[in-house]
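Undergrad: A predicted structure for the sequence below; I have some questions about it.
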Amino acid sequence: WGLWALALAGLAYLAGLTVWLGVQGLFFPYQLDYGEGVLLHFVREWSQGRPIYKAIEGYPYITSNYAPLPILLALALTPLLGVVYAAGRVWTLLAVVAATVLILAWVRREGARWLATRLAWLPALAAALLFAGSPYVYHWAPLFRVDLVGLALTLGGLYAVYRSSDEGQRRRRGLLGLAVVLFVAGLYAKQSFLFAPAAALAYWFFFVDRRQALAMTAAMAVLGGGLFLLINALSGGGLWEGLVVSNVNPFLWPEFWTQQADFFGTFAILALLAGWYAIDKFILDRATPLREKLSPLDFYLVAALVSLWLAGKAGAWENYFFEALAALALCGGLGLARMGRHGTLAFRIVAPLLVLAQVALMWHTPRVADRYLRLTRESNQEMVPILAGLPDPIISEDMGLLVTNDKVLDYYTFQYSQLARAGR
């Protein structure tokens, strides 16, 4: 029990740092990451009735290559907060909480099959805090970005599909309908969040009910496709231009391999636990028929690992690993729970030691973030009088600097450089 207490204390400390940095972001007035200023610019444009989806040719040389939902969510808070980063960052922090709670609930419910009720909380807490306390989520928690919002929505849809398999027909339809809405919302947060709905539909089609799977697919096509056609028509084809035509990123092999090594080096124990979950479930547990053993999570684990291919795109960073991280946290937590099938020693000694090893791999302190916040504030404050004396237009890689100083933002440097590199 001392080992479990120590492991959970370490995880609680790391998760606490994520909350601390996320709250710091709510009160920090400047851009912390490339992309925040672009999103805030689009919020400002929409708040003033100007379009953000347009053809890529023609002045101004900036069109949104982001899906609209996170921008709309931030726009909803501008009457209360103003056009500030906090209007978008608060949704990121809420998404971290939502994803953490979903992981906790899922592992707690599934883990109770092998552990007593009071013990099932241990792997569930470990899985949830491993996600929330991870350095990847820590780095992203204070940012106005689209990724964690999309992850929370897509995980919510997957959990609804998981819960629906144990319900009666009427409640099942309601949960599947909720899953459709959440999956479509996830795609409208970030268009690459297609792996969870694909996993859910494949599981439902092959192992539950083909007719319902086809009905879900049709509902997503009608809801998601209908919204796309409507917004695209209202924007004069701008949505297609922004999300498809201008969303071109070259594939960079060196960055791909470097980021894969960083991810699996940081989460080596979590990957090991997820592997144990799969081995124990599909190889060692021979008494349970395959159809009864399978769940949407098994399909999602494979799909989320396939999604790591996208991390080779120019501009990709830790945000392209969120789905794999969530899947590993879920399966790793269930791997801890399944150790209860193999005796007291495995669960009470080996399991917390593995969690402690993962804590050690993820360990960080607030020192670097605190210094970064201080230097970013100082540098932005020093730029205020310089920018005040400069006439528009100004071209800057730090586009957030232009937005917060009320300068004209008319050139999206990254987007057009990638189009040029791709020969477009």
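TA: Nice, I can see it. Remember, it's a predicted structure, so these values are computed and weren't measured experimentally. Residues are numbered from 1 along each chain as shown.

Undergrad: ok, Thr258 - how many residues close by?
TA: 12 (other CB atoms under 10 Å). In short, each C-beta sits where N, CA and C put it, glycine included.

Undergrad: from the contact counts, what lies against the helix or strand harbouring it?
TA: Following DSSP states H and E, one finds Thr258 within helix 253-266. Packing partners of helix 253-266 (3 or more CB pairs under 8 Å, 6 or more residues apart in numbering; DSSP states H and E): helix 351-362.

Undergrad: cutoff 10 Å now
TA: Using 3 or more CB pairs under 10 Å, 6 or more residues apart in numbering; DSSP states H and E, the elements in contact with helix 253-266 are helix 135-140, helix 268-279, helix 322-338, helix 351-362.

Undergrad: report the buried residues of that helix.
TA: Applying a neighbour-count criterion of 16 or more other CB atoms under 10 Å, the buried positions in helix 253-266 are 255-256, 259, 263, 266.

Undergrad: do stretch 55-72 as well
TA: 56, 62-71.

Undergrad: one more: stretch 333-349?
TA: 333-340, 347-348.

Undergrad: just put those in TSV and tack on pLDDT and distance to Ala87.
TA: Output for those, formatted as TSV (pLDDT from 0 to 100; distance: CB to CB, whole Å):
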residue	pLDDT	distance to Ala87
Gly333	98	33
Leu334	98	37
Gly335	98	39
Leu336	97	38
Ala337	97	39
Arg338	96	43
Met339	95	44
Gly340	92	45
Phe347	95	45
Arg348	94	46
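
Undergrad: and those residues, which two are the farthest apart?
TA: Greatest spacing in those, by CB to CB: Leu334 and Arg348 (17.4 Å).

Undergrad: in helices only, show me the buried residues of stretch 55-72.
TA: 69-71 (DSSP state H).

Undergrad: with respect to Ser164, which of the residues you listed is nearest?
TA: Leu69 (23.7 Å).

Undergrad: show the contacting residues for the closest one.
TA: By CB atoms under 10 Å, 6 or more residues apart in numbering, Leu69 lies in contact with 91, 146, 149-150, 153, 184-190.

Undergrad: give me the distance between it and Phe264.
TA: Going from Leu69 to Phe264 by CB to CB, to the nearest Å gives 31 Å.

Undergrad: how near is the closest residue to Ala346 other than its chain neighbours to Leu3?
TA: Computed as CB to CB, 6 or more residues apart in numbering, the closest residue to Ala346 that is not its neighbour in sequence is Met339, at 4.3 Å. Distance, Met339 to Leu3, by CB to CB: 13 Å.

Undergrad: ok, Leu69 next?
TA: Distance from Leu69 to Leu3, by CB to CB: 43 Å.

Undergrad: could you check how many residues crowd around Tyr320?
TA: Tyr320 has 21 nearby residues by other CB under 10 Å.
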